[in-house]
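Chemist: Sequence plus the predicted model coming up.
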Amino acid sequence: QVQLVESGGGWVQPGGSLRLSCAASGRVSRYAMAWFRQTPDEERRFVAGITWSGHNMTYYADSVKGRFTISRDWTKNVLYLQMRSLDAEDTAVYFCAADLNFAYSSSSWHQWGQGTQVTVSS
């Protein structure tokens, strides 16, 4: 059983940066992992993903390309999301997800963290 715990959320001014972390317990080296985000008015949406350690391919939503970077530390079983040039539209609850296969759809992921709030405002 994989357990995921996010951290690093908070409040930041527009243009600022935050780094989210997702600590994973269990055997996740062969899992793809990803970040999704959700607001009260929208469904959970894909932000960034990374395939298992043997491939380490990364994928990004168009809205975050060039601003967000996903990475993972295999030795510590931690997934990161470095976010830069944040704006109000990035405000959401950010969720970490893990599964054997990568997919853009949230319904394809079966292991989820509890989420961490990111608020971008002045």
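Modeler: The structure has been received and is ready for your questions.
Chemist: make it CA atoms for all contacts and neighbour counts henceforth
Modeler: Noted.
Chemist: ok, how many other residues are close to S106?
Modeler: The tally of other residues near S106 (other C-alpha atoms under 10 Å) stands at 17.
Chemist: Pretty sure it sits against R44.
Modeler: Yes - contact criterion C-alpha atoms under 8 Å: S106 and R44 qualify, at 6.6 Å.
Chemist: what residues are shared contacts of these two?
Modeler: Contact criterion C-alpha atoms under 8 Å, 6 or more residues apart in numbering; residues shared by S106 and R44: F36.
Chemist: what does the strand or helix carrying L4 contact?
Modeler: With secondary structure defined by DSSP states H and E, L4 is part of strand 3-7. With C-alpha under 8 Å, 6+ apart as the test, strand 3-7 has contacts from 20-26, 95-97, 111-116.
Chemist: Next step: these restricted to strands.
Modeler: Using DSSP state E, the members of these that fall in strands are 20-25, 95-97, 111-112, 116.
Chemist: Any chance of these in a markdown table with neighbour count, distance to T39 and pLDDT as columns?
Modeler: Formatted as a markdown table, the ones in strands among the contacts of strand 3-7 follow (neighbours: other C-alpha atoms under 10 Å; distance: C-alpha to C-alpha, whole Å; pLDDT from 0 to 100):
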| residue | neighbour count | distance to T39 | pLDDT |
| --- | --- | --- | --- |
| L20 | 21 | 17 | 98 |
| S21 | 22 | 19 | 98 |
| C22 | 26 | 19 | 97 |
| A23 | 18 | 23 | 97 |
| A24 | 22 | 24 | 95 |
| S25 | 14 | 27 | 92 |
| F95 | 26 | 11 | 98 |
| C96 | 30 | 15 | 98 |
| A97 | 29 | 17 | 97 |
| Q111 | 15 | 19 | 96 |
| W112 | 21 | 16 | 97 |
| T116 | 21 | 12 | 98 |
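Chemist: That concludes my questions; thank you for your assistance.
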